[in-house]
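predicted model follows, preceded by the sequence.
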Amino acid sequence: MIKDQILDSRNIPQDEVAERQTDMGKQKLVTTNNTAKQQKISRKQRMLANPDVKRWYDNLARGSPLTADVRVRRLDKFCEIHEITPMELAELGMKDLRTVTNLLEDHITWMEEKDYAPGYIEDFVKSVKSWLREFDVDIRRKLKIRNQDYTPTLQNERVPNAEEMSEILSRATLRASVMISLMAKSGVRPEVIGNHDGTDGLRIKDLPDIVIHQGVAKCINAPNRIIVRRELSKARHQYFTFSTSSGTKKLLAYLNDRLASGEPLHGDSPVVAPDYVYKTNRGNNKNKPFLPTRQVSSVIRETFRPRFKWRPYVLRAYFDTELLIAESKGKIAHDFRAFFMGHKGTIEAKYTTNKGILPEILIKEMRESFKRSEEFLDLEITKEDPILQQKEEAQDAIQNATPEELGKVLEMLQTLNIGKTSQAKE
């Protein structure tokens, strides 16, 4: 119906429509010149066969390849629903802005009636607007989306507690436990471990405190520092974070397992590599050194299921929550916590001003602050170890004690000759 209205407004003969729809559509089978096998051409490849779509896609990819992929998929779906090609949509926008605006507004109404998530609807609006701007067509009407900030998948999501985190790590494989630890104990995003197309990710040279000596990986300075290069940073700035003692142990075990299997590791080697034994990097991902972001998320999600229904990103929320608790107890400064999360702030500004070099005294203080906060990030270990749990309870009792109670404790220690080093020497 919408297609007929558009065609009527433009007076395009129906026989021309079939020819114009060749720049998008469903998958087709083609035969290559080199082999007799038939290969599938994806919808994305068919869309990018159009030079105008390719130019638009490349421009978006310069800012974010992931955003470019999402936009081209949403545009393809929008055109499929309304039985119109991307070029027809652009031509309609240049000829009749009101009609194409009405089309997009009616599409919002249709998706809301189908009960799609507001964020999903917003993706369609952004994609169509972005495509039209490629032809200098700017939709000026303010298009409303009902409950635009509502995220139904996140309404009942909470961060794991100590027992649940312990269970997650216990059921994970060695490689999966490293991914989980990097997100939950260091706060990195999944695209830091491996970017969206598996061409870049966290490398061993990004871990300056990890060395490989005589075929064995070792940590020479704790806590282990993790440098997130600007190419991997969502905010496009370089920053660093640290890894807890338990996270570092899992990482070393994983690296040493790969070394023992005969894999040569060097500075450019991926921290988390594809599983070369089972050849999971097939198709377009073949021979790529890193796991794509979607595969990183998939491995973590499989570890959660069926026991937990969380998204993988809940692990990063766990990191932020535990450091927030540590901040409330005076263990870490707010600026340090924001910096470790990869957010821009005062420390980031100083980091950028100094061309990626912070004063050693500041790095040392950040390291010490993270070390003081480890007990909150490795909370599942504290709960399992009764000695560590008693130590934590004693520290809390001392912090919350009144001056009179502290005086009584001091008298008791003096009675037991604890702290009287001069008398002990005599």
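Perfect, thanks for sending it. None of these values were measured; they are calculated from a predicted model. Numbers count the residues shown, from 1 in each chain.

and Tyr254, helix, strand or coil?
helix (DSSP: H, G, I helix; E, B strand; the rest coil).

neighbours of it, just the number please.
Neighbouring residues of Tyr254 were enumerated by other C-beta atoms under 10 Å; the total is 22. Bear in mind the C-beta positions are built from the backbone N, C-alpha and C, glycine included.

same thing with Ser181?
Per other C-beta under 10 Å, the neighbour tally for Ser181 reads 25.

nearest residue to it other than its sequence neighbours?
Here the nearest residue to Ser181 in space, its sequence neighbours aside, is Gly247; by C-beta to C-beta, 6 or more residues apart in numbering that works out to 3.7 Å.

in a helix, that's where the one you found is, yeah?
Yes. Counting by three-state DSSP, Gly247 is part of a helix.

any idea how far it lies from Phe78?
From Gly247 over to Phe78 the distance is 43 Å, taken as C-beta to C-beta, to the nearest Å.

of these two, who's got more company?
For Gly247 against Phe78, the residue with the higher neighbour count under other C-beta under 10 Å is Gly247, and the figures read 26 against 21.

look up how far Tyr313 lies from that one.
As judged by C-beta to C-beta, Gly247 and Tyr313 stand 18 Å apart.

same thing with Glu411?
Spatial separation of Glu411 from Tyr313 under the definition C-beta to C-beta is 51 Å.

in terms of neighbours, single out the busier of those two.
Between Glu411 and Tyr313, counting by other C-beta under 10 Å, Tyr313 is the more crowded of the two (15 against 10).

give the contact list for the more buried one.
Residues counted as contacts of Tyr313 (C-beta atoms under 8 Å, 6 or more residues apart in numbering) are 183, 189-190.

one more time with 10 Å, if that's ok
Going by C-beta atoms under 10 Å, 6 or more residues apart in numbering, Tyr313 touches 154, 157, 183, 189-190, 297, 300.

just put those residues in CSV and tack on pLDDT.
As requested, these are arranged in CSV below (pLDDT from 0 to 100):
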residue, pLDDT
Leu154, 69
Glu157, 78
Met183, 96
Arg189, 94
Pro190, 94
Ser297, 94
Ile300, 95
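
ok, so of the residues you listed, who is nearest Ile210?
Looking at these and their distance to Ile210, the nearest is Met183, at 18.0 Å (C-beta to C-beta).

list the helices and strands the helix or strand containing the closest one packs on?
Taking DSSP states H and E as the criterion, Met183 maps to helix 174-184. Where contact means 3 or more C-beta pairs under 10 Å, 6 or more residues apart in numbering; DSSP states H and E, helix 174-184 is packed against helix 162-171, helix 190-193, strand 239-243, helix 245-260, helix 293-304, helix 314-328.

for Lys44, which of these is the nearest?
Shortest distance between Lys44 and those, using C-beta to C-beta, is found for helix 293-304: 14.0 Å.

how many neighbours does Pro86 have?
By the measure other C-beta under 10 Å, the count of residues near Pro86 is 22.

and if you look at Pro359?
Other residues within reach of Pro359, judged by other C-beta under 10 Å, total 10.

for it, give me the pLDDT.
Predicted confidence (pLDDT) for Pro359: 85.

what ranges in the stretch 201-350 of the chain fall below the confidence cut-off?
Where the stretch 201-350 of the chain drops to pLDDT under 70, the residues are 276-287, 348, 350.
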